[in-house]
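Trainee: Model the following, please.
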Amino acid sequence: MKKRLFITDMDGTLLNNKCELSDNSRQIINSLTDKGVCFSVATARTIMSVGHILDGLNITAPAVLMTGVCIYDMAKKEYIHCHYINERSVRRFCDIVGKATDISPYIYTIRDNELCVYCEQMDTPAAKAFAEERRKKYGKRFVILKSFEELDTSNVLYFVITAKKEVIDPYYEKLKGDKELYYSYYRDIYDTGVYYLEICSAKASKAGGIRYLRENYGFSEIHCFGDNNNDIPMFSESDFCYAVENALPELKEIATEVIASNENDGVALKMKELCQ
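Mentor: Numbering: from 1, shown residues only. Alright, predicted model coming up:
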């Protein structure tokens, strides 16, 4: 018998447009996991926001977090695999964005199983909103440094810049080109005036996270769900891939099937159909 895994993106896919999991989706998925169905998420989010938003949802397989940078065991509450950015790439990033006044770059690290976010300042509106939401909702820890030169470069996982596209573009042009890094540059689905540039080790991706789960947990058949361009690598590594109705056209074109939207419990309903 095949060991199947159902794994889904969160924002725009599993979550509705209010960034919430509907009661109906929660009930359907929990009823399936209670019967032994393996279910997890693959997201750019950290464990703080995942744990808060999906409270009460049974995630029965390790989660792929921060676009594949980390694999996290939800039951044991620990990181079981991480891709760190090499120190040369960290220093290059800091040299390019350090002391910038029009952006507020964030650097994510892990020490002793705890995630911490460092920045030099958060003066821009997008940066303030980014930090304030994550502090209030998820208890994320932000540390303001006088300079990124103070940063311990040995355990860095992730860089994030959030701002208007015309502000980020010049930095993206300077930052891109490091073959040891993976770049994800996309528009925020909740605030279309804001863009995100997320940078991590080239060894990390949602696709890599899925490969890790397949190789280490014996999944022989993987079904994934998504809505945005950063889900394309994940689709390429899955046996079956489903784009929600609200997904970008590029994703729909390569999907096994287009399913109901994130506002209409598309992921949960398709899982229920497939498990009958």
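Trainee: Give the buried residues for stretch 235-254.
Mentor: 235, 237-238, 240-244, 246-248, 251-252 (16 or more other CB atoms under 10 Å). Where you see a C-beta, it was placed from the backbone N, CA and C, and this is true even at glycine.
Trainee: Make a markdown table from those residues and add distance to Ala207, pLDDT and secondary structure to it.
Mentor: Compiled in a markdown table, these are given as follows (distance: CB to CB, whole Å; pLDDT from 0 to 100; DSSP: H, G, I helix; E, B strand; the rest coil):
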| residue | distance to Ala207 | pLDDT | secondary structure |
| --- | --- | --- | --- |
| Phe235 | 8 | 95 | helix |
| Glu237 | 4 | 94 | helix |
| Ser238 | 9 | 96 | coil |
| Phe240 | 15 | 98 | strand |
| Cys241 | 11 | 97 | strand |
| Tyr242 | 16 | 98 | strand |
| Ala243 | 16 | 98 | strand |
| Val244 | 19 | 98 | strand |
| Asn246 | 22 | 97 | coil |
| Ala247 | 17 | 96 | coil |
| Leu248 | 17 | 94 | coil |
| Leu251 | 14 | 96 | helix |
| Lys252 | 19 | 97 | helix |
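Trainee: Report the two of the residues you listed separated the most.
Mentor: Greatest spacing in the buried residues of stretch 235-254, by CB to CB: Glu237 and Asn246 (22.5 Å).
Trainee: Which elements pack onto the helix or strand containing Ser25?
Mentor: Element membership of Ser25 [criterion: DSSP states H and E] is helix 23-33. Secondary-structure packing of helix 23-33 (3 or more CB pairs under 8 Å, 6 or more residues apart in numbering; DSSP states H and E): strand 38-41, helix 266-274.
Trainee: what angle separates that helix from helix 266-274?
Mentor: Here the directions of helix 23-33 and helix 266-274 differ by 40 degrees (axes from the mean of the first three to the mean of the last three CA atoms, to 10 degrees).
Trainee: Pull the residues that contact helix 23-33.
Mentor: The contact list for helix 23-33, computed with CB atoms under 8 Å, 6 or more residues apart in numbering, reads 14, 39, 56-58, 60, 265, 267-269, 271-272, 275.
Trainee: Of those residues, which is the most crowded?
Mentor: Val267 (28 neighbours; other CB atoms under 10 Å).
Trainee: Show me the chain divided up by domain.
Mentor: The record assigns the chain these domain ranges, following automatic domain parsing: 4-81+204-274, 87-201.
Trainee: distance between the ends of the last one?
Mentor: The first residue of domain 87-201 is 11 Å away from its last residue (CA to CA, to the nearest Å).
Trainee: quick one: average confidence on it?
Mentor: For domain 87-201, the mean per-residue pLDDT is 84.
Trainee: for it, the distance to its chain's centre please.
Mentor: Taking CA atoms, centre = their mean, to the nearest Å, the mean C-alpha location of domain 87-201 is offset from the chain mean by 14 Å.
Trainee: quick one on the thing from earlier: now the helices and strands packed on helix 23-33 as a markdown table including distance to Val97?
Mentor: Shown next, in a markdown table, are those (distance: least, CB to CB, whole Å):
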| stretch | distance to Val97 |
| --- | --- |
| strand 38-41 | 29 |
| helix 266-274 | 36 |
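Trainee: picking that back up, pull out the buried positions in the helix holding Ser25.
Mentor: 25-26, 28-30, 32-33.
Trainee: before we move on, what about stretch 160-167?
Mentor: 160-163, 167.
Trainee: and what of stretch 91-103?
Mentor: 92-94, 97, 100, 103.
Trainee: Show me those residues that map onto strands.
Mentor: Using DSSP state E, no member of those sits in strands.
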